[in-house]
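*Asks:* Sharing a model that was predicted from the sequence below.
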2 protein chains.
Amino acid sequence: MDEMNDTQTAPLRFDAQALEQFSSDVLIACGLAAEDALQSAKVLLAADARGIPSHGIGRLWRYVNGLKTGLMLVDAKPETITETASSLVVDAHGGMGFPVSVQTMRRIIAKADTAGAAFGCVKDSNHFGIAGYYAMMALEHDMIGIASTNTAALGFPTFGRQVMFGTNPLAFAAPALEEKAFVLDMSTTVVTRGKIEVYDRLNKPLPSGWAADANGQPTTDACALIDSLLHRRGGGIQPLGGESEQSGGHKGYGLAVMLDILCSVLCGAPFGPQVFDTATSSARVSQFFGAIKISAFRDPAAFRKDMDTMLHDLRLCPPAAGTERVFFAGQKEFEHEDEARRFGIPLYQETVVSLETVSSQTAVPLPAPVA
Amino acid sequence: MDEMNDTQTAPLRFDAQALEQFSSDVLIACGLAAEDALQSAKVLLAADARGIPSHGIGRLWRYVNGLKTGLMLVDAKPETITETASSLVVDAHGGMGFPVSVQTMRRIIAKADTAGAAFGCVKDSNHFGIAGYYAMMALEHDMIGIASTNTAALGFPTFGRQVMFGTNPLAFAAPALEEKAFVLDMSTTVVTRGKIEVYDRLNKPLPSGWAADANGQPTTDACALIDSLLHRRGGGIQPLGGESEQSGGHKGYGLAVMLDILCSVLCGAPFGPQVFDTATSSARVSQFFGAIKISAFRDPAAFRKDMDTMLHDLRLCPPAAGTERVFFAGQKEFEHEDEARRFGIPLYQETVVSLETVSSQTAVPLPAPVA
C-alpha cells in the first residue's frame, strides 16, 4: 500500500507462473521443503501482482540470506500449543512465516465453518508478506477474513520518543458479488520502513508528519532516522494520525498496540520493543488470524449484494476538485492484479538485479522477461 | 476522547449516584421502563466519569426530546432475528440504544464463555453512548471486548467530496492485573462532530486537516461545514490520517468502512450515506459487539501479567522534548474516573443549564452540586 517507485524506467514484465516456479526452486535450493517453498512463492508473487512490490519477490534475497544463515530455520516444524473448537496457538519455532501462516489460516477457516468465528496466533514466526493474502483466503468461504502481524518496533507513542511498537498491519477482507472484495491492508504507522528507505536511497527529505528524531521532535532526515532506528537511539515513525492528539496520532498508536495485543500478548509472544532484528537474529514476530462466518448473521448472498452496493457507491463517490476518482480499499490492488494477469508481473530494474544475484547464488535460472 | 472544553469556568461537582438517579428518573418520566432507564443512566454517567462529557449526561435533553417526539420509541421491544452459539442479530425496532446494547453485549459474553469467541449486531438502534462501555464489560470475564457503531454519515473518502460513512468508533478493551486495562475508544474520522460544534460555538477556525468543503477542498470554517453537513451539500470530516494518501487518510477511510461492514452489512442494516438524521427521524444506527475469551489461547493470569508489563512500559516511555508523559489508551480516562470518584462528577455550566431545563420539563428535581 505504501509504495513509491524509486526508479523512472519502465518495469520489465515476467510470466507469473515462471516467477513463482523460480522463487519456489530458489527456496528449495536453500533447503526448504517443496510444499513450503511453493506456498511462500505464492504469497510473494501475490504481492507483486497486487502492486505491493515492497513485500514481493524483491525480498527473495532476504529469505535466501535468512535460511542460509539460520536467521530463519529451514527445518522448523510448527507445533500446536493450544487448540479449541474456535482457537489455535501455533509455535513456528523460528521457521519461515509464509507456510505456517497459510496453514494456520486454513485451520482457522475450517474452525469458523463449525464454530461461527475462530481466531489463531502464530508465535516465534518470521515475516509473512502481505497480511491481505491471509485475510483474502476467507473470501471464497463466505467469511470475513482478518490477519495481522507485529513487526520490529519502529513506531513511537504520542508524546514519546522511543519506539514501542511495530508498523503492525491490519488486513480485513469482506466478499462482494459482482464487485471485487473489500480488502483493507494497512500498516498502523503513517508509513512503513520500506518507504523511509526509498526516501533515503533517493536522498529526499521525508514529508512532514512521518517521523521524529531521538528527542521526539519532527524530522525529515531519512538517513538519520534509519541510523537511529538501527541503533535504537530514540525516534521513529509516527503512528497513523501523525504528530499530535489534535491530528489523531493517539488513535494510530492505540491501533498498533491493539494489534500487538492480539498478535503477541494473546499467545505469550514477545511484544513492543522486545521485538527487534539484530545482526544474528530475526525479529521473531508473531501473527494473528481470524475468520467470521457470514451465514451466522445473515444470508451470505444478501451480504454480498449489499457489499456490491456499498463498493459501487464508494468508487462512484463524486471526486474532490482536482482529483479523478475514489477507490475502495483493495480496488487499486485488484486493478493492478488484472493488469499483471494480462501483461505479466512488473519488476523494476533493481529487483531484477537482486534476482540475478539470487539466481547465481542458488544456480536456479531466472526466467526471461516476456516484455 | 475528542474533547475540548468550551468554557473557562471551573466545573461544578455532583454526586455520581445522585446524577444517575436523576437521569434514570427523567427517562422514566419520559415513559421508559425502569430497568432500561437505569441502564441508560449508567452508560451516560460512565462517560462523564471517564472525562468524555460529549457522550454524557449533557446529552440527556436529546434523549428526552427523542422519546417525547417519537424519534426514539419508548415501548420498542428488541427482537432476536438470528442466533447461533456464537452469533446474534437483534432488531432494536427503533428503541433506545443503551439498554439493547448492554443486553446484547451480556449475551455475547455468555456465548463467548462457551464458544470461545462471539459477535453480535444490533440494527434499527439509536445512539449508544461511549463504545468503550460495552467493550469494558468483557474485562471482568477475562475476555477481550470489542464494540462499534455506525453513525450518521459525516466523513468522506480520500479523493472524494461527499460523505460516505460515519465517525464510526472502534472500542477494544483488554484486561491487565495491577495496571488499569487497555481501553481504546476512538472514532475513525480525525475528530467527531461534537468537536466541530465546539469550534463553531467558539467561532474559532478549525485546525487544518480536519475537514473539507463542498468541493472537497480543505476548510477551516466550522459554521459552513455544519451547514453543509446538515443540507448534505458535500464536504465533511476527514478520515483519520487526514487529507491525502501520503498522510494515511485512505487508512482511516478504510477503517471507517470496515466498521460499517461489521455494524450494518453483516446484519442487513442501512449503511454509508443511507444513515442520516432528519428533522423527523433519527439516524437508526446499528452496532457491533464482540468478545474473545482469553483462556482459549493462554492462561488469563499470564495474559494479564504481560499486559501489566506492556502498559507499564508504555506509560513510562521517555517523553519527547517539551512533553510530560506518555499515556496508554484508556489511561487518561481511568485517571479521570479516579478523580470523579473522589471529588464527584464534573459538569460545566452549559451542561447544568441544560439539565435544569430537563428537570423543569420532567418535574424531576436536579440534585445540588457537592462542590
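*Replies:* Thanks, I have the structure now.
*Asks:* in chain A, which segments are predicted with low confidence?
*Replies:* Along chain A, the model assigns pLDDT under 70 to residues A:1-8, A:279-280.
*Asks:* Give me the neighbour count for A:R341.
*Replies:* For A:R341, the count of nearby residues is 11 (other Cβ atoms under 10 Å in any protein chain shown). C-beta: built from backbone N, CA, C; applies to glycine.
*Asks:* That should have said A:I52, apologies.
*Replies:* Neighbour count for A:I52, taken as other Cβ under 10 Å: 22.
*Asks:* measure it to chain B for me?
*Replies:* Remark: distance between A:I52 and chain B (Cβ to the nearest Cβ, to the nearest Å) = 14 Å.
*Asks:* which residues touch the residue nearest the centre of chain A?
*Replies:* The centroid of chain A falls nearest to A:I130 when counting by Cα atoms, centre = their mean (2.9 Å). With contacts defined as Cβ atoms under 8 Å, 6 or more residues apart in numbering or on different chains, A:I130 is in contact with A:V43, A:A46, A:A47, A:R50, A:I52, A:H55, A:A171, A:D185.
*Asks:* quick one: the helices in the stretch 101-250 of chain A?
*Replies:* Using DSSP state H, counting those that start in this stretch, the helices of the stretch 101-250 of chain A run over A:131-136, A:193-202, A:222-230, A:249-263.
*Asks:* Nearest to chain B, out of those?
*Replies:* Each of the helices of the stretch 101-250 of chain A has some distance to chain B by Cβ to the nearest Cβ; the shortest is helix A:249-263, at 4.0 Å.
*Asks:* what pairs with whichever helix or strand comes after the closest one, and is each one parallel or antiparallel?
*Replies:* Downstream of helix A:249-263, the first helix or strand assigned by DSSP states H and E is strand A:285-293. If you go by DSSP bridges, strand A:285-293 pairs up with strand A:117-125 (antiparallel), strand A:143-149 (antiparallel).
*Asks:* relative to helix A:249-263, how tilted is strand A:285-293?
*Replies:* Going by axes from the mean of the first three to the mean of the last three Cα atoms, to 10 degrees, strand A:285-293 is angled at 90 degrees with respect to helix A:249-263.
*Asks:* quick revisit: dump the helices of the stretch 101-250 of chain A to JSON lines, plus distance to B:Y134.
*Replies:* Conversion of the helices of the stretch 101-250 of chain A to JSON lines gives the following (distance: least, Cβ to Cβ, whole Å):
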{"stretch": "helix A:131-136", "distance to B:Y134": "25"}
{"stretch": "helix A:193-202", "distance to B:Y134": "36"}
{"stretch": "helix A:222-230", "distance to B:Y134": "38"}
{"stretch": "helix A:249-263", "distance to B:Y134": "16"}
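*Asks:* can you redo these as CSV with distance to chain B and mean neighbour count?
*Replies:* Putting those into CSV (distance: least, Cβ to the nearest Cβ, whole Å; neighbours: other Cβ atoms under 10 Å in any protein chain shown) gives the following:
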stretch, distance to chain B, mean neighbour count
helix A:131-136, 11, 28
helix A:193-202, 10, 19
helix A:222-230, 14, 17
helix A:249-263, 4, 28
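*Asks:* now stretch A:68-82: how far from the chain's centre is it?
*Replies:* Computed by Cα atoms, centre = their mean, to the nearest Å, the chain-centroid distance of stretch A:68-82 equals 20 Å.
*Asks:* how long is it from one end to the other?
*Replies:* Distance across stretch A:68-82, first residue to last, is 31 Å (Cα to Cα, to the nearest Å).
*Asks:* Give the phi and psi angles for A:A301, as a check.
*Replies:* Dihedral pair for A:A301: phi -60, psi -40, per degrees, to the nearest 10.
*Asks:* State the number of residues packed around the closest residue to it other than its chain neighbours.
*Replies:* Among residues not flanking A:A301 along the chain, A:L177 sits closest, at 7.5 Å (Cβ to Cβ, 6 or more residues apart in numbering or on different chains). Other residues near A:L177 come to 16 when the count uses other Cβ under 10 Å.
*Asks:* for A:L177, what are its contacts?
*Replies:* Here A:L177 is in contact with A:A301, A:R304, A:K305, A:M307, A:D308 (Cβ under 8 Å, 6+ apart).
*Asks:* got it, and A:P53?
*Replies:* With Cβ under 8 Å, 6+ apart, A:P53 has these contacts: A:E3, A:A47, A:P346, A:L347, A:Y348, A:T351.
*Asks:* If any of the residues you listed are buried, put those into a ChimeraX selection.
*Replies:* Here is the ChimeraX selection string for the buried members of the contacts of A:P53, based on 16 or more other Cβ atoms under 10 Å in any protein chain shown:
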select /A:47,346,347,348,351
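*Asks:* Okay, and which of the contacts of A:P53 map to strands?
*Replies:* Secondary structure assignment (DSSP state E) places A:P346, A:L347 from these within strands.
*Asks:* quick one, strands of chain A?
*Replies:* A:12-14, A:79-83, A:87-91, A:117-125, A:143-149, A:170-174, A:182-186, A:211-212, A:218-219, A:236-237, A:285-293, A:345-347.
*Asks:* partner strands of the first one, parallel or antiparallel?
*Replies:* To tie it back to what came earlier, the one meant is strand A:12-14. strand A:345-347 (antiparallel).
*Asks:* Filter the contacts of A:I130 down to the buried ones, ChimeraX style.
*Replies:* With 16+ other Cβ under 10 Å as the criterion, this ChimeraX line picks the buried residues out of these:
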select /A:43,46,47,50,52,55,171,185
